[in-house]
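A.B. asks: Fold the following for me, if possible:
(one chain, ligands or ions: 1)
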Amino acid sequence: MKWSLSSHNMFRRCQRQYYFAYIAANHLAKKEYVRREAYLLKQVKQLSPWRGTVIHQGIKKFVIPYLEQRKSINWDNVKNKTIELVKKQLEFSRTRKFRELGITKANFDDEFCIIAEHENGNEIDEDVIDKVRVDICTCFDNLASQTEMISYLQGRKFYLPERFFSHQYENVRIHIAPDLILPRAYGCPSIIDWKVEQDYTHGHHKLQVALYAWVLCKENIFDVQKPEDIELYEVQLLNSDVICHDCSSTVFEELEDFMFQSIQEIRSLCGDHKYANQNIEDYEFARSPNSCLYCSFQKLCKELSNAKSFN
Ligand code: SF4
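C.D. replies: Next up, the predicted model:
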């Protein structure tokens, strides 16, 4: 079993959704329809989270290299290149390339994208795409105007954008990939979390960044001596706000309680998480119809539920 705050949120939202995303989805199971389809549908993004993903990619691919090379950031260049990324991904998604045999995410790193509208056979209006472009430019303009944050980022010894780490806790792998880690001094890293979406599920956002810090401490990465040595920043890009979150033993205790309860709850239903040992009938449907409205597994969920009614 792997645990993250996203998997916790999904389990709470809908147990069937969790089943598709964290138990059934498998890109290697090419001949098993449900597993392959669950894998593809797991990649489907609604427009708003997709916009957030592209902005994160823009920062990683086009902003961080300026910092690494200690050059001042050419924001027009960053915006133009990110908009090019939007164009490529829209084309990839519109032509449904992801449905072609042999196409994998790894081979099409920049372009791989499945937008829900395209997956559902619809087009996206040009004014909606324009709005995405405007939002992207707004986010970069806001970041550029956060001069204190920009100088905080500049001149560091190294930058680790979206670097993957994990830690074993309660026989579960806890995964993290913070947006950016950089050192202030030896044993004193900072973690930056770029935020584009408005925070609706993540009353847990404080826990999200604390989780990053917790894994770094537990794995003794960067030789951190105490939680307080880590600085945690959430940078809200759409409304130009910077929030500094607490990092302390108390926050870590709160986090561990939360994780422990969540892991027990998930384990009590999913057991060993092995696909062969599960029955989808044990997994409850979402309680809120809104969850289904924006669920990428809707088609598969209906197919399996209809198949059951015909049996
Ligand atoms: S369509 Fe609704 S019930 Fe089915 S997996 Fe999605 S959220 Fe859950």
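A.B. asks: Tell me where the stretch 201-311 of the chain has strands.
C.D. replies: With strands called from DSSP state E, counting those that start in this stretch, the stretch 201-311 of the chain shows them at 231-236, 241-245.
A.B. asks: what does the longest one rub up against?
C.D. replies: Going back to what we said before, that points to strand 231-236. With CB atoms under 8 Å, 6 or more residues apart in numbering as the test, strand 231-236 has contacts from 143, 146, 149, 184, 188-195, 205, 209-210, 212-213, 241-247. (Glycine included, C-beta is placed from N, CA and C.)
A.B. asks: cool, and stretch 263-275?
C.D. replies: Taking contacts as CB under 8 Å, 6+ apart, the residues outside stretch 263-275 that touch it are 1, 3, 7-8, 11, 15, 18-19, 22-24, 26, 35, 169-170, 172, 277-278, 282-283.
A.B. asks: Could you check it and say which residues are buried?
C.D. replies: Using 16 or more other CB atoms under 10 Å as the burial criterion, the residues of stretch 263-275 that qualify are 263, 266-267, 270.
A.B. asks: which residues sit in contact with residue 224?
C.D. replies: Residue 224 neighbours (CB under 8 Å, 6+ apart): 187-189, 216-217, 230.
A.B. asks: Swap in 6 Å and give it another go.
C.D. replies: Neighbour list for residue 224: 187, 216-217 [criterion: CB atoms under 6 Å, 6 or more residues apart in numbering].
A.B. asks: And for residue 223?
C.D. replies: Contacts of residue 223 by CB under 6 Å, 6+ apart are residue 187.
A.B. asks: so how far is residue 216 from it?
C.D. replies: Applying CB to CB, to the nearest Å, the value for residue 223 to residue 216 is 10 Å.
A.B. asks: Over to residue 9?
C.D. replies: In this view, residue 9 and residue 216 are 22 Å apart by CB to CB.
A.B. asks: which one of these two has more residues nearby?
C.D. replies: residue 216 (24 against 14; other CB atoms under 10 Å).
A.B. asks: Show the model's pLDDT score for that one.
C.D. replies: On pLDDT, residue 216 comes in at 96.
A.B. asks: Residue 141 too?
C.D. replies: The predicted local confidence for residue 141 is 98.
A.B. asks: Surely it is in a helix?
C.D. replies: Yes. Checked against DSSP: H, G, I helix; E, B strand; the rest coil, residue 141 lies within a helix.
A.B. asks: and the stretch 51-200 of the chain, which of its residues are near the ligand?
C.D. replies: Applying the criterion CB under 6 Å from any ligand atom, no portion of the stretch 51-200 of the chain neighbours the ligand.
A.B. asks: tally of neighbours for the residue of the stretch 101-250 of the chain found nearest the ligand?
C.D. replies: Residue nearest to the ligand within the stretch 101-250 of the chain (CB to the nearest ligand atom): residue 116, separated by 12.2 Å. Neighbour count of residue 116, defined by other CB under 10 Å: 20.
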